[in-house]
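*Asks:* Only the shape, not the letters, is given here:
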């Protein structure tokens, strides 16, 4: 997508000449500065993933894919060394499913291949992982565009379609387009008037920092609001559609996503606002039937709640502690929105009802559908 | 209530000797420093109210009451001058009902009184307004305590009753005890194990700053959470009771309160958690039937969303801008929770159902009940 008018992906390789490095957008620096980081070793990639220079399932997976290209070069034909580097990559974010999936895919790709081909094979495979990710998101955008078009047709005059989103399920979380944002970008590029309510998304403020930055760079009209405001906006008819991403959606349609998603789904239901969740179908969890009962919710450090980074009046960045000294903090990272509150799931395979029947209908071939 | 082990009100007069001043707790400085400010003129009081050194309906009303005592002295028997000072006080926060009510009450109190008595009459009346406010809150606490006791009795072992609250409807918003916090303080002082989930309350963070500070000073166990977290906690059975305050409650039971209250009420309903609103019965709005349709929602400056004050690592206070540069912001201050989501209203007159019938039942004498 566009940054200052120039098109970027979140991760890409430079294999020309003596390059042999991976470039990423350092997302920790956004929105205050746009910095491209050059990763020249597996160690660099490990740090970039572990310290969240990159984040988001798709983006992490692709970065790990390219990390395996660097690993294939560093290991110089030593299978054992390659395995150790692969393990180091997987260990960076143990709960990120896409990460181990991308690493495994690379190990399979070089299986039986001569050492001389490792670098080329893993580079091609990493590009393929990245391209697939981008294509899935593009396809989510196409399906979601239909929903937005339907709403736009019913709007009087040239009034914009108002979409509310939570957290960042944007292109920064993938390679391009994003999941929840893909229909928004598709509509905007198709000339449909659209306006996005961007939830700030406490505690890490991915909405105010990342989604707002993405939308601004693509020229999509948007307004940042506190997470508390969405219910009021829906009550007053100021939201036509909610689209969020998901970290994990059960095959029964329960949606684990950033903390606070459930509250927005409740408000959408109460005000007859359609609530959609956008995801590449690789995000489905085929093992879990009851999202609320079975999905463990990560608790993260309290300093994410108590401390915020921002710009001082001088322009310098600084971190401030905003909490009453001596008070305790809890930081639950995700919640689960039950399927009954979800109008539909937008995937690269099409849109389905959030139910076992709906999800299964997207996978007509039994072999694509792991046994629950 | 207690601050560092010493008992305080939010506002009090010093009329001893040559004192003749009003003391307030400067709430802008909390929680980082506890500063008592001395107001010696009506001008000081005007600044204190307008610049939010004091906030909260009860606290503002009482401060204005004491402001009228200072006004009665400054006007030196000049009725016209007194009227101008009264108008200056009312103009500080035009939408604060308690403010004009307290000022009018003082003007009535001196009606027909000799000038020599103005100071004594207005001081007595201001003390009376303050005492009434404190008594109402104490009484809210007594009624709310019954609810908490009932829950505590059903808890196994010595498990604490978990109460969730939003914003600050604490003693800082009144003179003593608070509204939503009164039952909590009553239970804590009665030895009932209690734990409070404190919503941060973006954008002004009154939960993380003020409610957390109050509870810490009273020794009430509490945990600050982001506003996004409450739904998840209720889903997992970690909240026994929600109590919030209100800025204005219609005689039909619709509750206008800090933005985000509605989302918590939806989550409480979805999880069968009782949702109570605590208020002195003077807060009832007898003119408005349909809260959602008729109550105008104030929009405040965007810098409340984009900028946060906190402590730097050095200990100094600083304000940081946390928003993507160039993005727009909207800041809706309140929302309306429909009566159907409210389990009950806790007032100094008792607890009632949130409905016209329920509210009216608290006012059996027709003369206490303005015609809707």
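*Replies:* Great, that's in hand. As the structure is a computational prediction, the values presented were derived from the model and not from experiment.

*Asks:* Close to chain B: what parts of the stretch 51-200 of chain A are there?
*Replies:* Counting by CB under 8 Å from any CB of the partner chain, the residues of the stretch 51-200 of chain A close to chain B are A:198, A:200. Every C-beta, even on glycine, is put in place using the N, C-alpha and C of the backbone.

*Asks:* Where does the prediction get shaky in the stretch 51-200 of chain A?
*Replies:* Counting by pLDDT under 70, the stretch 51-200 of chain A shows no low-confidence range.

*Asks:* In it, what residue spans correspond to strands?
*Replies:* Secondary structure of the stretch 51-200 of chain A (DSSP state E, counting those that start in this stretch): strands located at A:161-165, A:194-199.

*Asks:* Present those as JSON lines; the columns should include mean neighbour count.
*Replies:* Putting the strands of the stretch 51-200 of chain A into JSON lines (neighbours: other CB atoms under 10 Å in any protein chain shown) gives the following:
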{"stretch": "strand A:161-165", "mean neighbour count": "25"}
{"stretch": "strand A:194-199", "mean neighbour count": "26"}
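
*Asks:* so can I have a markdown table of the ones you listed showing distance to residue A:36?
*Replies:* Converted to a markdown table, the strands of the stretch 51-200 of chain A look like this (distance: least, CB to CB, whole Å):
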| stretch | distance to residue A:36 |
| --- | --- |
| strand A:161-165 | 26 |
| strand A:194-199 | 24 |
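
*Asks:* Out of those strands, flag the one nearest residue A:246.
*Replies:* Closest to residue A:246 of the strands of the stretch 51-200 of chain A, according to CB to CB: strand A:161-165, at 12.2 Å.

*Asks:* residue contacts, residue A:308?
*Replies:* A:205, A:319-320, A:322, B:308, B:310, B:320, B:322 (CB atoms under 8 Å, 6 or more residues apart in numbering or on different chains).

*Asks:* closest point of the stretch 51-200 of chain A to chain B, which residue?
*Replies:* Chain B sits closest to residue A:200 of the stretch 51-200 of chain A, with a gap of 6.8 Å, by CB to the nearest CB.

*Asks:* Can you name the residue of the stretch 101-250 of chain A nearest chain B?
*Replies:* Nearest residue of the stretch 101-250 of chain A to chain B (CB to the nearest CB) works out as residue A:228 at 2.8 Å.

*Asks:* what's the closest non-adjacent residue to that residue?
*Replies:* In space, residue A:228 comes closest to residue B:260 once its chain neighbours are excluded; the distance is 2.8 Å by CB to CB, 6 or more residues apart in numbering or on different chains.

*Asks:* mind checking pLDDT for the one you found?
*Replies:* Listed pLDDT for residue B:260 reads 98.

*Asks:* which residues touch it?
*Replies:* Residues near residue B:260 by CB under 8 Å, 6+ apart: A:226-229, A:231, B:166, B:199, B:201-202, B:227, B:335.

*Asks:* re earlier: surely the residue of the stretch 101-250 of chain A closest to chain B is in contact with residue B:207?
*Replies:* No. Using CB atoms under 8 Å, residue A:228 makes no contact with residue B:207, being 10.8 Å away.

*Asks:* anything in contact with each of those two?
*Replies:* Common neighbours of residue A:228 and residue B:207, using CB under 8 Å, 6+ apart, are residue B:201.

*Asks:* on that earlier part again, let me have the contacts of residue B:260 in a markdown table, adding secondary structure as columns.
*Replies:* Rendered in a markdown table, the data for the contacts of residue B:260 read as follows (DSSP: H, G, I helix; E, B strand; the rest coil):
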| residue | secondary structure |
| --- | --- |
| A:226 | coil |
| A:227 | coil |
| A:228 | coil |
| A:229 | coil |
| A:231 | helix |
| B:166 | coil |
| B:199 | strand |
| B:201 | coil |
| B:202 | coil |
| B:227 | helix |
| B:335 | strand |
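
*Asks:* For the residue in the stretch 1-150 of chain A positioned nearest to chain B, which residues are in contact?
*Replies:* Residue nearest to chain B within the stretch 1-150 of chain A (CB to the nearest CB): residue A:31, separated by 3.8 Å. Residue A:31 is in contact with A:209-210, A:212-213, B:323-325, counting by CB under 8 Å, 6+ apart.

*Asks:* among the residues you listed, who's most crowded?
*Replies:* Neighbour counts for these peak at residue A:212, which has 30 neighbours (criterion: other CB atoms under 10 Å in any protein chain shown).

*Asks:* Tell me who's in contact with it.
*Replies:* A:31, A:198, A:222, A:224, B:323-324, B:327.

*Asks:* how close does the closest residue to residue A:354 other than its chain neighbours get to residue A:230?
*Replies:* Residue nearest to residue A:354 in three dimensions, not counting chain neighbours: residue A:253, with 3.1 Å by CB to CB, 6+ apart. When distance is defined by CB to CB, to the nearest Å, residue A:253 is 21 Å away from residue A:230.

*Asks:* More neighbours: the two, which one.
*Replies:* residue A:230 (30 against 25).

*Asks:* From residue B:310, how far out is the residue of the stretch 101-250 of chain A closest to chain B?
*Replies:* 19 Å.
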